[in-house]
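*Asks:* Predicted model follows, preceded by the sequence.
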Number of protein chains: 2
Amino acid sequence: MTSRASNITAPTQFLDVNSHRYAYRRFGEGAGLPLLCLQHFMGTLDNWDPAVTDPLARGREVILFDNAGVGRSTGTVPGTIQGMAAHALAFLDGLGVTTCDVLGFSLGGMIAQDIAQDRPALFRRMILAGTAPRGGDDIMHLEKPVLARALSDPTLRGYAVLQKIFFAPSESSQAAGRAFVERLAQRKEDVEPASGPDVAGAQIAAFRDWEHVTGSRFADLKKIRQPVLVVNGVFDEMIPVSNSYSLGEHLPNAVLLTYPDSGHGSLFQYHESFTRQAAAFLDSDSPYAPY
Amino acid sequence: MTSRASNITAPTQFLDVNSHRYAYRRFGEGAGLPLLCLQHFMGTLDNWDPAVTDPLARGREVILFDNAGVGRSTGTVPGTIQGMAAHALAFLDGLGVTTCDVLGFSLGGMIAQDIAQDRPALFRRMILAGTAPRGGDDIMHLEKPVLARALSDPTLRGYAVLQKIFFAPSESSQAAGRAFVERLAQRKEDVEPASGPDVAGAQIAAFRDWEHVTGSRFADLKKIRQPVLVVNGVFDEMIPVSNSYSLGEHLPNAVLLTYPDSGHGSLFQYHESFTRQAAAFLDSDSPYAPY
């Protein structure tokens, strides 16, 4: 493995498609299909934990992507998941990727579900971490006291907020959160601008729209036939684990994996387990999710 | 591996402890601790799927056990989980096993939880499949129409009932159920007597008692500090998957794995995945459940 195969050092690249310029990083190699990574609320390329991306990049190319208006991608942030999905599709088309795997975390997991419905042949296998189906419960209500307290705490800045809200309150989970923040901070050059209130506002609007469902709740999930691995921490305050239960029950071909003593960022807290499980799942060529 | 390392051929053995004689089988070898397997409602030694026991026996000794009054074990079936746990402890003590791992399926998972509370040092790692915590929801209500129909169907006899009620109604799950029944039927000699109404009655009484909780619901689970792997199918009509969610949320050190398109017998339906996951979990020497 070269030193390039890490999100600590991988150079940011840019792709011009139509009138948009998309920022992205791609690194790693192996026999697997490329793994598109779709990011969380306000997250940029720099928010991908190298302890998650780098082990996965040892078996396949990992593609990190800033959606429109995020990081150094141009344009405005769409106010709907569908709008974000359209940008992700334009990016993949521009890159010439016709089939790949996907890791969608939180907001990114919703975009992945939307793409899978819109273009079923694109994703071979899907990993949905800390996310919710359309019509899910209690999705990203930052006004909830437990979240509002952390977000309005003047002593918490930047990544320290992530430690607080992505991890459970226990000492062990908070310690994992500190380690996560330290790993993110290892990238010193070619870094992204932090997302501001305009990004937050549009993405929150997209969450509100995603909570709204017409027709039979969760019926759309039956159309996602791909093998799916659903992952969450049992103490997720941002997108409660009940949403992962709904995904596991209503997706026809999904395995659910939950982690103890952890919240929204369980994949970062248990990065060794998560990357081992994710690689085993992605390495399978079965038409069925169990691996 | 010798041909003995299979539940198709392993001889039944007997252990006399106090005034009881317990029937059991032990086979397999490897670096792992012995794995005690605790069986489901009305199940005997012959109900352990060789597709589950045999791969696990390649890394450790597997110990199958008939509780009192079941199969060829003497005595009467206790009407409580605690009573069954006392017999399992007497058996392990008589065998000289001071520490082991455990796979508890359904009723057996409840016995495993009771033992873990009573003698915390005995089990190193625990696998709880298709089971429920004390105070769980809708545990083995055979009078529910979906179960009562299958149980009273005169065209379903013996193992055919298991195919119906352990597997989801889909064609794919029922096909997996047929394969399960065929695997059980491979054992032709030294077979067990089928359980009768006396076994059923006492075990149902134990389920009713297990539904009853005094004090704070699920608080007892905090005392089970071992790493636990919780497994279930999302369409389990006998012990609904919500009980596995409760285990995953309230056990302090548990990973939950759910399988799609499957019911109570998900570990048999997905025996390749289950034994791979179970072996990886059992092979870990971490104090934490994620593997």
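*Replies:* On my side now, so go ahead.
*Asks:* Helix, strand, or coil at the nearest residue to residue A:39 once chain neighbours are set aside?
*Replies:* Leaving aside its sequence neighbours, residue A:39 sits nearest to residue A:108 (CB to CB, 6 or more residues apart in numbering or on different chains; 5.0 Å). (C-beta placed from N, C-alpha, C; glycine too.) Following DSSP: H, G, I helix; E, B strand; the rest coil, the label given to residue A:108 is helix.
*Asks:* Distance of residue A:108 relative to chain B?
*Replies:* Per CB to the nearest CB, to the nearest Å, residue A:108 is found 22 Å from chain B.
*Asks:* How many residues are close by that residue?
*Replies:* By other CB atoms under 10 Å in any protein chain shown, 26 other residues sit near residue A:108.
*Asks:* In contact with it, which residues?
*Replies:* Residue A:108 is in contact with A:37, A:38, A:39, A:40, A:131, counting by CB atoms under 8 Å, 6 or more residues apart in numbering or on different chains.
*Asks:* Let me see the contact set for the closest residue to residue A:190 other than its chain neighbours.
*Replies:* Closest residue in space to residue A:190, ignoring its immediate chain neighbours: residue A:12 at 5.3 Å, by CB to CB, 6+ apart. Residues in contact with residue A:12 (CB under 8 Å, 6+ apart) are A:23, A:24, A:25, A:45, A:72, A:190, A:192.
*Asks:* Okay, residue A:232 and residue A:61: tell me how far apart.
*Replies:* Between residue A:232 and residue A:61 the computed distance is 26 Å (CB to CB, to the nearest Å).
*Asks:* So those two - more neighbours on which side?
*Replies:* Neighbour count, other CB under 10 Å: between residue A:232 and residue A:61, residue A:232 has more, with 33 against 19.
*Asks:* Validate this expectation: that one resides in a strand.
*Replies:* Yes: under three-state DSSP, residue A:232 sits within a strand.
*Asks:* For it, list each beta-bridge partner.
*Replies:* For residue A:232, the beta-bridge partners under DSSP bridges are residue A:258.
*Asks:* Do you know the pLDDT at it?
*Replies:* On pLDDT, residue A:232 comes in at 98.
*Asks:* Surely it is in contact with residue A:136?
*Replies:* No: contact criterion CB atoms under 8 Å: residue A:232 and residue A:136 do not qualify, at 11.7 Å.
*Asks:* what is in contact with these two at once?
*Replies:* Listed as contacting both residue A:232 and residue A:136 by CB under 8 Å, 6+ apart are A:239, A:243.
*Asks:* Return the residues in contact with the spatially closest residue to residue A:90 that is not a sequence neighbour.
*Replies:* Distances taken as CB to CB, 6+ apart put residue A:17 closest to residue A:90, at 5.0 Å, once the chain neighbours are dropped. Residue A:17 sits next to A:90, A:91, A:93, A:94 when contact means CB under 8 Å, 6+ apart.
*Asks:* and if we set it to 7 Å?
*Replies:* Residues in contact with residue A:17 (CB atoms under 7 Å, 6 or more residues apart in numbering or on different chains) are A:90, A:91, A:94.
*Asks:* Helices - which of these land there?
*Replies:* Using DSSP state H, the members of these that fall in helices are A:90, A:91, A:94.
*Asks:* Spatially nearest residue to the most centrally placed residue in chain A, not counting backbone neighbours?
*Replies:* For chain A, the residue nearest the mean C-alpha position is residue A:105 (2.0 Å; CA atoms, centre = their mean). Leaving out its chain neighbours, the residue that sits closest to residue A:105 by CB to CB, 6+ apart is residue A:129, at 4.7 Å.
*Asks:* Same check on residue A:170?
*Replies:* residue A:261 (5.6 Å).
*Asks:* The one you found and residue A:167 touch, don't they?
*Replies:* No: taking CB atoms under 7 Å as the definition, residue A:261 is not a contact partner of residue A:167, at 9.2 Å.
*Asks:* So for the two, which sits in the more crowded spot?
*Replies:* Counted by other CB under 10 Å, residue A:261 and residue A:167 do not tie: residue A:167 has more neighbours, with 28 against 24.
*Asks:* Now that one. Nearest residue, chain neighbours left out?
*Replies:* residue A:177 (3.6 Å).
*Asks:* Tell me the helices and strands packed up against the host helix or strand of that neighbour.
*Replies:* If you go by DSSP states H and E, residue A:177 is part of helix A:171-184. The contact analysis (3 or more CB pairs under 7 Å, 6 or more residues apart in numbering or on different chains; DSSP states H and E) places helix A:171-184 against helix A:159-166, helix A:266-269.
*Asks:* okay, the first one in CSV with CA atoms only?
*Replies:* The reference is to helix A:159-166. This file holds the C-alpha atoms of helix A:159-166, laid out as CSV (Å, rounded to 0.1, in the frame of the first residue of the first chain):
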residue,chain,number,x,y,z
TYR,A,159,-14.8,18.6,16.0
ALA,A,160,-15.4,18.7,19.8
VAL,A,161,-19.1,19.0,18.9
LEU,A,162,-18.9,15.8,16.9
GLN,A,163,-17.3,14.0,19.9
LYS,A,164,-20.3,15.1,22.0
ILE,A,165,-23.1,14.3,19.6
PHE,A,166,-21.8,11.3,17.5
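*Asks:* Which residues outside it are in contact with it?
*Replies:* Outside helix A:159-166, the residues within contact range by CB under 7 Å, 6+ apart are A:147, A:150-151, A:156, A:174, A:177-178, A:180-181, A:184-185, A:238, A:263-265, A:268.
*Asks:* Can you select the buried ones among those residues for me in ChimeraX?
*Replies:* Burial among the contacts of helix A:159-166 is assessed by 16 or more other CB atoms under 10 Å in any protein chain shown; the matching ChimeraX selection reads:
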select /A:147,150,156,177,180,181,184,238,263,264,265,268
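*Asks:* quick check, nearest of the contacts of helix A:159-166 to residue A:101?
*Replies:* Closest approach to residue A:101 among the contacts of helix A:159-166 (CB to CB): residue A:268, at 19.2 Å.
*Asks:* who touches that closest one in this structure?
*Replies:* Residue A:268 makes contact with A:49, A:51, A:52, A:166, A:180, according to CB under 7 Å, 6+ apart.
*Asks:* now the closest residue to the first one other than its chain neighbours: how far from chain B?
*Replies:* Leaving aside its chain neighbours, residue A:49 sits nearest to residue A:268 (4.7 Å; criterion: CB to CB, 6+ apart). Between residue A:268 and chain B the distance, using CB to the nearest CB, works out to 12 Å.
*Asks:* Now do the helices in the stretch 151-291 of chain A.
*Replies:* All helices of the stretch 151-291 of chain A, identified by DSSP state H, counting those that start in this stretch, fall at A:159-166, A:171-184, A:197-211, A:242-250, A:266-269, A:271-283.
*Asks:* Pull the distance from the third one to the chain's centre.
*Replies:* By that I understand helix A:197-211. When distances are taken as CA atoms, centre = their mean, to the nearest Å, helix A:197-211 is centred 15 Å away from the chain's centroid.
*Asks:* what comes up buried for that helix?
*Replies:* For helix A:197-211, a neighbour-count test (16+ other CB under 10 Å) marks A:199, A:202, A:203, A:204, A:206, A:207, A:210 as buried.
*Asks:* circling back to that earlier point, what's the overlap in contacts for residue A:261 and residue A:167?
*Replies:* Common neighbours of residue A:261 and residue A:167, using CB under 7 Å, 6+ apart, are residue A:173.
*Asks:* And the average pLDDT for stretch A:122-135 is what?
*Replies:* In this model, stretch A:122-135 has an average pLDDT of 98.
*Asks:* Also stretch A:284-291?
*Replies:* On average, stretch A:284-291 scores 98.
*Asks:* Is chain B within reach of it?
*Replies:* Yes: counting by CB under 7 Å from any CB of the partner chain, chain B has neighbours in stretch A:284-291: A:289, A:290, A:291.
*Asks:* and of those, the nearest to chain B?
*Replies:* residue A:290 (3.7 Å; CB to the nearest CB).
*Asks:* Could you list which residues are in contact with that closest one?
*Replies:* If a contact means CB under 7 Å, 6+ apart, then residue A:290 has A:255, B:259, B:270, B:273 as its contacts.
*Asks:* Next, count neighbours for residue A:286.
*Replies:* For residue A:286, using other CB under 10 Å, the count is 12.
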